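Colleague: Show me how the following folds:
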Amino acid sequence: MKSALLFFIFMFFNVSCYAFTLNATVSGDKVTLSNAVKLASNKYTLSDWEPQSNLMPTVEWAPGFINSGADIVLNGPGGSVDIDMRVQGMEYNTGSLSPSQSSSGFGIMPVCDTESQTGNIVHLERSSIGECSTSYGLTNGKSVMPFYFLRPVIMFNPNDLVVNFQSLDDKQEGYYFGTISLPLRYWFRSSGGVVTYRNINHTFSMRVYYKPSELTSIAYSPPGIADMVPSLDPGGNSISASTTFHLIAKGIFVSGLVVELAKSNTYTLETTGTGPKYDIPFSLTCTACDDQNLVVNGEAQVDRSFVQAPNKTEIQFDFEVHYDDIQKETIRVGEYYGNFVVMFGADI
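Modeller: Residues are numbered from 1 along each chain as shown. Next comes the predicted model:
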C-alpha cells in the first residue's frame, strides 16, 4: 500500500507546460541576441524569467536539472537549420525568499557539475546527458512555495549561427523557429515528511530572423562634385560631356545589389547665378546593372535595377553621367550644376 501511495503522489505532481524562448537576428555576418544575458564565454541565460505557479508549499526542497542532450533544429522559409546549441543548466529564483542550505541534500540524484547560490538565485549545470541535483537542501523555516521563477542556461557561440545559416541551400529571408522539450524535476519534503519530486514540463524555443544579405558600406570616386568638361561634336553644332563614378559596395551579398533611383530626382544640369535659366538633360548609365540605361536624356527609364553578384563580399561597378549632342543654340555659356540621389541595398 505504501509504494502504491507514493506512486500516486509522483504522478499527481506533474505540472502544465511552460516555455522559454531565445530571440535573435542574423543579418549578414552579424548576430544580435535580443533577450540574452551573457554569463561567461559562450554561456548565456535569458533576460526574462519564466514565472511559476501552484507549486506545493514545502519546508525543505532541492533544485534539480535534466540535460536531455536534445539538438535544436530551426525551420523557416529556406528550409531547416541545425543549431550548435545546448541547454546545460537552470537558474531558480526564490523571489523574496533567501533560503538557507541544509547540511546535506536528499542524496537521490548525482550532484550537478556546477552548483551555486547567490541570495535568492540558485544556479545548476550538468554538461553531460542525465539528471542532477544540489549537494544540499534548501530550507525556509516554514512551509512556502519553493521558487517563483526559472530560466535556462544555454551554451553556444553566437557567431556559429552565421555558419549554421550559411549551410542553407535556399537562403531565404524570414523567421526560423525551433523548439525542444525541456523537462525539469525538483525534490521536496511533503507535509508528511516524505521525500518526493515534482515534474515541470518546459520547452525551450529559439526564434531567429534571418537576413542573409547585408550592405555594410558603399564608396565612390572621385568624391565630391565631379566636373563635366564639354567638347564640340564633329561639325561643331553640338556638345557632349561625360564623367564616371567608380563605386565599391561591401557586405554580404547572396545574389547582388539593388540600385534604386529617388523619385524626387530631376536629371538636368541647370545654370547657376542670376539671369535667364537654361538646362541640359543628362543620362545615367550603370555598366553592371541589368538595366544599363537608368536615365536617358533626363528621363528615368526604370525606378530600380539590380547588379548580379552572387555570393560576393565586394561589388565594383561604374556610373557614367553624360549628355550627348546638345545643340549649341539651346544653351548659353556658363556654369551648370545638377545632382541626383541613388539608394543601394543588399538583396536576395
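Colleague: so Gly69 sits in a strand?
Modeller: No: counting by DSSP: H, G, I helix; E, B strand; the rest coil, Gly69 is located in no strand; its state is coil.
Colleague: Not counting its neighbours along the chain, what's nearest it?
Modeller: Computed as CB to CB, 6 or more residues apart in numbering, the closest residue to Gly69 that is not its neighbour in sequence is Ile129, at 4.0 Å. (C-beta placed from N, C-alpha, C; glycine too.)
Colleague: And the pLDDT for the one you found?
Modeller: For Ile129, the pLDDT comes out at 95.
Colleague: try Ser190
Modeller: Each residue has a pLDDT score; the one for Ser190 is 87.
Colleague: Ile9 too?
Modeller: With respect to pLDDT, Ile9 scores 34.
Colleague: Tyr136 touches Pro99, doesn't it?
Modeller: No: in terms of CB atoms under 8 Å, Tyr136 does not count as a neighbour of Pro99; the distance is 10.1 Å.
Colleague: how about Asp303, what does it touch?
Modeller: By CB atoms under 8 Å, 6 or more residues apart in numbering, the contact set of Asp303 is 260-261, 263.
Colleague: residues near the residue nearest to Gly69, how many?
Modeller: 11 (other CB atoms under 10 Å).
Colleague: who's in contact with it?
Modeller: Taking CB under 8 Å, 6+ apart as the contact definition, Ile129 lies against 67-69.
Colleague: Narrow the residues you listed to those that are buried.
Modeller: Among the contacts of Ile129, those classed as buried by 16 or more other CB atoms under 10 Å are Asn67.
Colleague: Nearest to Tyr175, out of the contacts of Ile129: which one, please.
Modeller: Taking CB to CB as the measure, Ser68 is the one of the contacts of Ile129 closest to Tyr175, at 24.8 Å.
Colleague: my guess is the closest one contacts Leu184, does it?
Modeller: No: counting by CB under 8 Å, no contact exists between Ser68 and Leu184, whose distance comes to 10.3 Å.
Colleague: The protein: helices as residue ranges?
Modeller: In order along the chain, the chain carries the following helices (DSSP state H): 2-12, 158-166.
Colleague: ranking those helices by mean pLDDT, which is last?
Modeller: When those are compared by mean pLDDT, helix 2-12 comes last with a mean of 34.
Colleague: since we're on Ser167, how many residues are nearby?
Modeller: With neighbours defined by other CB under 10 Å, the count for Ser167 comes to 11.
Colleague: got it, and Gly275?
Modeller: Using other CB under 10 Å as the criterion, Gly275 is surrounded by 9 other residues.
Colleague: likewise the one 5 residues further on?
Modeller: The burial count assigned to Ile280 is 21, neighbours taken as other CB under 10 Å.
Colleague: Could you report the neighbour count for the nearest residue to Phe156 once chain neighbours are set aside?
Modeller: The spatially closest residue to Phe156, leaving aside those adjacent along the chain, is Met85, at 3.9 Å (CB to CB, 6+ apart). Using other CB under 10 Å as the criterion, Met85 is surrounded by 25 other residues.
Colleague: Quick one: residues contacting Met85.
Modeller: Counting by CB under 8 Å, 6+ apart, Met85 makes contact with 72, 154-156, 206.
Colleague: what's the most distant pair in those residues?
Modeller: The two members of these with the most space between them (CB to CB) are Met155 and Met206, at 13.1 Å.
Colleague: and the two? which has more neighbours close in?
Modeller: Met206 (23 against 18).
Colleague: gap between the nearest residue to the more buried one once chain neighbours are set aside and Phe65?
Modeller: Leaving out its chain neighbours, the residue that sits closest to Met206 by CB to CB, 6+ apart is Leu22, at 4.8 Å. Distance, Leu22 to Phe65, by CB to CB, to the nearest Å: 18 Å.
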